[in-house]
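# Here is my input, please return the structure:
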Amino acid sequence: MKGVDLNSNKYISRFNRDFYSETGGFTYIGDGELGGKARGLAAIKEKIDSFYRDHKVFPIHVDIPRLTVITTLFFDHFVEQNNLYDIAFSNLSDEQIAHHFLRADLPVDLVKDLRALIADVHVPLAVRSSSLLEDRLKFPFAGVYETKMIPNNQPDFDTRFCKLADAIKFVYASTFFNNAKCYMKATPHSLQDEKMAVIIQEVVGLRHNDRFYPNISGVARSYNFYPANHAKPEEGVVNLALGLGKTIVDGGAIWTYSPQYPEVTPPCHSIHELLEQTQLNFWAVNVGKPPADDPVKETEYLVKLTLKEAECDNTLGYIASTYDYESDRTNLGIGFTGSRFVDFGSLLQVNLLPMNELIKSILKVCEGIFNAHVEIEFAVTIDIDSDSVDKIPVRFGLLQVRPMVVSDELIVMKEKELTRKTVLAASDNVMGNGCMDDIRDILYVVPETFGLKKTNAIAAEISHINHQLVETKTPYLLVGFGRWGTSNPSMGIPVNWGQISGARVIIESQLSHATINLSQGSHFFHNISNSGTLYFSLKKESKFPVDWEWLSEQHVLFQGNYVKHVRLKSPLIVKVDGRKHRGVIFK
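As a prediction, this is how the structure comes out:
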């Protein structure tokens, strides 16, 4: 994406110390770069504002939530003036680096504008990274840097300013956290290339007692790598969740559907399996009693809540249904006795609000601007308690847009290739497209020692070996169980992208007790798809299982408690036909 001309874009203006003025919807401080996230929002702001302002088809207010960008200029000044480069490039822990940054002083001219901003703003704020390298096509750095949400509701002005300043310094520090350094080593870039801009943006949500959150958060893609039933890849995919979007981008339990067939439920073997995979918890900003001070914790001001608390807040009305155990059936909505589960049925099956059509429209508009498939992040509020006579106020806040990599290389593969004796593994559920013939190293979780209670320890072993392989620029095949990159250890192995950044091909063998669908809205997934990594998903009753016996016979370089690293005499041959989502790995 080309840079944004700040001087010619009438929808973007230099910060004028009036966050909520008509011209203050998108402002910037400093003369540096906006960074990837902010650049993407700047590219679409004019079109979004003009196209949806008076759109009669969608009775929903669409906007990009008000924001101010601290450009990269101040990042340079901050690090240089406080002599932080030695700390930044050191081998100190993330917490130690963060504490050094938090003790440093922001540039004086930045402080003046921030104090003016915080004086008039009393809504919760998201302080988000927007580095130079974020949201690029090949290596998007999705979820690599930190975001800090602050309630910004303390009556004391100085306290609110200090919390904002700490959040900015925390995001600055995350540029040099271990995850970012590991990720960087797997790219053509160096840490010296990176500079951090910071977005200060209002959180889309409503207050409910001591918590603040949106009714719906979502991630939508205009291309679906894993279409199910009658859906086609080019028809896209949508992930939805109650509360803050952290549930989605961290790979938690969400609702996934094709925007072409919104009424179709995700593929599961039974209603009980479906219920087990639906959302049980959600995230909100704590706007009540302040927690213990912990500025180096990303979730310092967040709380994790249950559906029972959401029902008390009256936020389940449009998004939940009820399961009746006695009749073993589900009922749309919450006007029944039984257990609630989040399926967004009133929106997707009954279409009480044209939200799905709006999502399809916004995807199309953004595709036209970027001339590529896109991924968007958004949040929706439904003010059921509003006094409005005509309609319930609904707001759709567009939080992020970035291009996607979809390979068009033509790979021809016959089905009989999947069953040859020389096959290590094959699948008809593969993400990616292309061929590889340079992988001799395999990192795999030993089936006999795998267990869901051990997944954190497994992630640590993998991270250790990955670090060594990335240092020597050695590509490898990674094989394991459940969903890679999940935030829930009971669903798979909770690695972040930096911990497996050297993997060129990944296999997930599904767990025996459940069908776990990939979270296409997660930051982890976006890094996989845009880096060109090939991802094989093997169902529990797969026709093409992994040849574990052959793997156990290979030369072992490292064996931990749960993971083996083997090296082959000759490289694997990997082929993936992205059109048919079919792939094979030959020994």
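# Quick check: the nearest residue to Asn433 once chain neighbours are set aside vs Ser407, distance?
Counting by Cβ to Cβ, 6 or more residues apart in numbering, the nearest residue to Asn433 once its immediate chain neighbours are dropped is Gly578, at 2.8 Å. All C-beta spots, glycine's among them, are computed from the backbone N, C-alpha and C. Distance, Gly578 to Ser407, using Cβ to Cβ, to the nearest Å: 6 Å.
# who touches both of those two?
Shared contacts of Gly578 and Ser407 (Cβ atoms under 8 Å, 6 or more residues apart in numbering): Gly432, Asn433, Gly434.
# Relative to Phe586, which of these is nearest.
Relative to Phe586, the closest of the shared contacts of Gly578 and Ser407 is Gly434; by Cβ to Cβ it sits at 14.6 Å.
# Identify the bridge partners of the closest one.
Val576 (DSSP bridges).
# Number of residues surrounding it?
Other residues near Gly434 come to 15 when the count uses other Cβ atoms under 10 Å.
# Packing partners of the worst-scoring helix or strand of the chain on mean pLDDT?
Among the helical and strand segments of the chain, the one scoring lowest on mean pLDDT, DSSP states H and E is helix 523-531, with a mean of 73. Packed against helix 523-531, as judged by 3 or more Cβ pairs under 8 Å, 6 or more residues apart in numbering; DSSP states H and E, are no other helices or strands.
# Buried residues, it. List them.
Residues of helix 523-531 classed as buried by neighbour count (16 or more other Cβ atoms under 10 Å): His523, Phe524, Phe525, His526, Asn527, Ile528, Ser529, Asn530, Ser531.
# low-scoring pLDDT stretches of the stretch 201-350 of the chain, where are they?
Scanning the stretch 201-350 of the chain for pLDDT under 70 picks out 267, 269.
# at 90 instead, please
Where the stretch 201-350 of the chain drops to pLDDT under 90, the residues are 224-233, 248-254, 264-278, 290-293, 295, 317, 324-333, 335, 337-338, 349-350.
# can you pull out the strands in it?
Counting by DSSP state E, counting those that start in this stretch, the stretch 201-350 of the chain has strands at residues 206-208, 211-213, 216-221, 237-241, 255-257, 281-286, 302-306, 320-324, 329-332, 339-342.
# closest to His99 out of those strands?
Between His99 and the strands of the stretch 201-350 of the chain, the shortest separation by Cβ to Cβ is 20.6 Å, and it involves strand 302-306.
# So what are the sheet partners of that closest one and their directions?
Looking at strand 302-306 with DSSP bridges, its partner strands are strand 281-286 (antiparallel).
# between the strand it pairs with and strand 237-241, how big is the angle?
With axes from the mean of the first three to the mean of the last three Cα atoms, to 10 degrees applied, the angle from strand 281-286 to strand 237-241 works out at 60 degrees.
# So for strand 281-286, what gets flagged as buried?
Of the residues in strand 281-286, those buried under the neighbour-count criterion (16+ other Cβ under 10 Å) are Asn281, Phe282, Trp283, Ala284, Val285, Asn286.
# Stretch 407-422 too?
Ile411, Met413, Glu417, Leu418.
# For it, the averaged confidence score.
Averaged over stretch 407-422, pLDDT sits at 76.
# CA atoms of it as CSV?
Taking Å, rounded to 0.1, in the frame of the first residue of the first chain, the C-alpha atoms of stretch 407-422 are listed here in CSV:
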residue,chain,number,x,y,z
SER,A,407,-1.7,-17.1,-4.4
ASP,A,408,-2.8,-17.7,-8.0
GLU,A,409,0.0,-20.1,-8.9
LEU,A,410,-1.5,-23.1,-10.8
ILE,A,411,-0.7,-26.4,-9.0
VAL,A,412,-2.1,-29.5,-10.6
MET,A,413,-2.5,-32.6,-8.4
LYS,A,414,-4.4,-35.8,-8.9
GLU,A,415,-6.2,-37.5,-6.0
LYS,A,416,-4.1,-40.7,-6.4
GLU,A,417,-1.0,-38.7,-5.4
LEU,A,418,-2.5,-38.5,-1.9
THR,A,419,-2.4,-42.2,-1.4
ARG,A,420,1.1,-43.1,-2.6
LYS,A,421,3.3,-45.2,-0.3
THR,A,422,5.8,-42.3,-0.2
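# contacts for it?
Residues lying outside stretch 407-422 but in contact with it, judged by Cβ under 8 Å, 6+ apart, are 423, 426, 428, 432-435, 532, 543-544, 575-580, 582-584, 586-587.
# how far is it from where the chain is centred?
On the basis of Cα atoms, centre = their mean, to the nearest Å, stretch 407-422 sits 31 Å off its chain's mean C-alpha point.
# Next one: the nearest residue to Val342 once chain neighbours are set aside relative to Asn488, how far apart?
With Cβ to Cβ, 6+ apart as the criterion, Val342 has its nearest non-adjacent residue at 4.4 Å, and that residue is Gln279. When distances are taken as Cβ to Cβ, Gln279 and Asn488 turn out to be 11 Å apart.
# I'd say Leu164 and Asn152 touch.
Yes: using Cβ atoms under 8 Å, Leu164 and Asn152 qualify as a contacting pair, with a distance of 7.2 Å.
# Name the residues contacting each of the two.
Here Leu164 and Asn152 have Ile118, Leu125 as joint contacts, going by Cβ under 8 Å, 6+ apart.
# and the residue sitting furthest away from the middle of the chain, helix, strand or coil?
In the chain, counting by Cα atoms, centre = their mean, Lys421 sits farthest out from the average C-alpha position, at 38.5 Å. Using DSSP: H, G, I helix; E, B strand; the rest coil, the secondary structure recorded for Lys421 is coil.
# what about it, distance to Glu194?
Where Glu194 is concerned, Lys421 sits at a distance of 47 Å (Cβ to Cβ).
# go on, Val79?
Taking Cβ to Cβ as the measure, Val79 falls 11 Å from Glu194.
# likewise Tyr535?
For Tyr535, the distance to Glu194 (Cβ to Cβ) stands at 26 Å.
# that older thread, would TSV of the strands of the stretch 201-350 of the chain with distance to Glu273 be doable?
Conversion of those to TSV gives the following (distance: least, Cβ to Cβ, whole Å):
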stretch	distance to Glu273
strand 206-208	31
strand 211-213	28
strand 216-221	23
strand 237-241	18
strand 255-257	14
strand 281-286	19
strand 302-306	21
strand 320-324	13
strand 329-332	13
strand 339-342	12
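# need the buried residues of strand 281-286 in a markdown table with distance to Glu309, can you?
Shown next, in a markdown table, are the buried residues of strand 281-286 (distance: Cβ to Cβ, whole Å):
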| residue | distance to Glu309 |
| --- | --- |
| Asn281 | 10 |
| Phe282 | 9 |
| Trp283 | 12 |
| Ala284 | 9 |
| Val285 | 14 |
| Asn286 | 12 |
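# Might you list the low-confidence residue ranges for the stretch 401-550 of the chain?
Residues of the stretch 401-550 of the chain meeting the criterion pLDDT under 90: 403-421, 427-435, 451-453, 471, 481-499, 501, 508-533, 535, 537-545.
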